[in-house]
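>>> With the sequence up front, the predicted model follows.
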Amino acid sequence: AGLEAPWSLVFLPDGRALVSERPGRIRLIQNGVLAPEPYAILDVATGGEGGLMGLALHPDFPRTPFVYAMHTYFPGPLPVFHRQNRVVRLRDQGVKGAFDRVVLEGIPGAFNHNGGRIGFGPDGMLYVATGETYEAELAQDRNSLAGKILRLSPEGAIPADNPFPGSAVYSFGHRNPQGLAWHPASGDLFVSEHGPSGEFGLSAHDEINVVAAGGNYGWPRAVGAPGLAPFRDPLVAWKTPTTPPSGIAFWRNDLFVATLRSEALIRVVVTRAGERFRVDRIERWFAQGAERPGRMRDAVAGPDGALYVLTNNRDGRGRARDGDDKILRLSPAR
């Protein structure tokens, strides 16, 4: 309890855990106890949806002891409204993390729509979800890093097998993706994405996409699942109600989605059918009742077999409850 707008949670193999807070702090949890002093403090541009966002561990951690973070920043002596995003990495030093280097910078940033989730895939590459910063056409511009899923080596190099030679772009046509998860059996990449909130007279249409290399996911030319070539339709599109999905995780073979405005943890039961996936059932957990936890930012499968969920009632858009913000732990039913 007592966190301020936590955004991302990662578990270290020695039992520690790290959680990012949007004002720029990475907090350490040791033996289930939140350390009073930050693990690291980053100089971030706060306000709106920006600040410190996603965390990820090097796939060879702890032998390669790096922690990666994505955050919004002001790139030098420019007007205060000019923001960018970057990915940096820290060297783990036990109770502290020391800045190591910038992995990728110059990602377009804004007050809102920064994306922010990062994660290493089963291929050992770093994936970065970026928003289109409310400039919708940037999502279709393959020369821009905005509105994309990017793919990099752990050192920040562009892999030779990326779909567009010489480009970090892995997929495009995304509005504001905030969740990354890989299917535990097939390795397919699932991405959660916020739908429009008034642009072009549209609203809702929040999505879960199964992302393929080089795929165009439509924004702003296509919304929902219209079946228009050459755009790829989402696996799930909520026409209504507004269900802005943030962090996602596979837990016990089902996809769990932390949602914000709809204040629900969504369970999506999916089945692989040949080369595609089929949705068998969708459930909304904690969506009713006086004790509902509120806005949720991330869902993470823990090494102990439990599912962990971050609340986000102190992010400027929620109603703070006693003890907010919190990390919730859900254990399997017996």
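Sure, I can see it.

>>> Can you give me the buried ones in stretch 152-165?
Using 16 or more other Cβ atoms under 10 Å as the test for burial, stretch 152-165 gives 152, 154, 156, 158, 162-163. (Glycine included, C-beta is placed from N, CA and C.)

>>> what about that stretch, average pLDDT?
Across stretch 152-165, the average pLDDT comes to 98.

>>> for stretch 193-209, same thing?
Averaged across stretch 193-209, the pLDDT comes to 94.

>>> May I see the buried residues of it?
The neighbour-count check on stretch 193-209 (16+ other Cβ under 10 Å) flags 193-197, 203-209 as buried.

>>> Is it possible to get JSON lines of the residues you listed that adds secondary structure and distance to A146?
Formatted as JSON lines, those follow (DSSP: H, G, I helix; E, B strand; the rest coil; distance: Cβ to Cβ, whole Å):
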{"residue": "E193", "secondary structure": "strand", "distance to A146": "14"}
{"residue": "H194", "secondary structure": "coil", "distance to A146": "14"}
{"residue": "G195", "secondary structure": "coil", "distance to A146": "17"}
{"residue": "P196", "secondary structure": "coil", "distance to A146": "16"}
{"residue": "S197", "secondary structure": "strand", "distance to A146": "17"}
{"residue": "S203", "secondary structure": "strand", "distance to A146": "21"}
{"residue": "A204", "secondary structure": "coil", "distance to A146": "22"}
{"residue": "H205", "secondary structure": "coil", "distance to A146": "19"}
{"residue": "D206", "secondary structure": "strand", "distance to A146": "19"}
{"residue": "E207", "secondary structure": "strand", "distance to A146": "17"}
{"residue": "I208", "secondary structure": "strand", "distance to A146": "21"}
{"residue": "N209", "secondary structure": "strand", "distance to A146": "17"}
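
>>> Any figure for the gap between the most centrally placed residue in the chain and D188?
Residue closest to the mean C-alpha point of the chain, counted by Cα atoms, centre = their mean, is R117 at 2.8 Å. R117 sits 16 Å away from D188, going by Cβ to Cβ, to the nearest Å.

>>> cool, and F172?
The value you get for F172 to D188, if Cβ to Cβ is used, is 18 Å.

>>> Looking at those two, which has the bigger crowd around it?
Legend: neighbour count by other Cβ atoms under 10 Å for F172 and D188, higher for F172 (28 against 19).

>>> This structure: helices as residue ranges?
In the chain, no helices are defined using DSSP state H.
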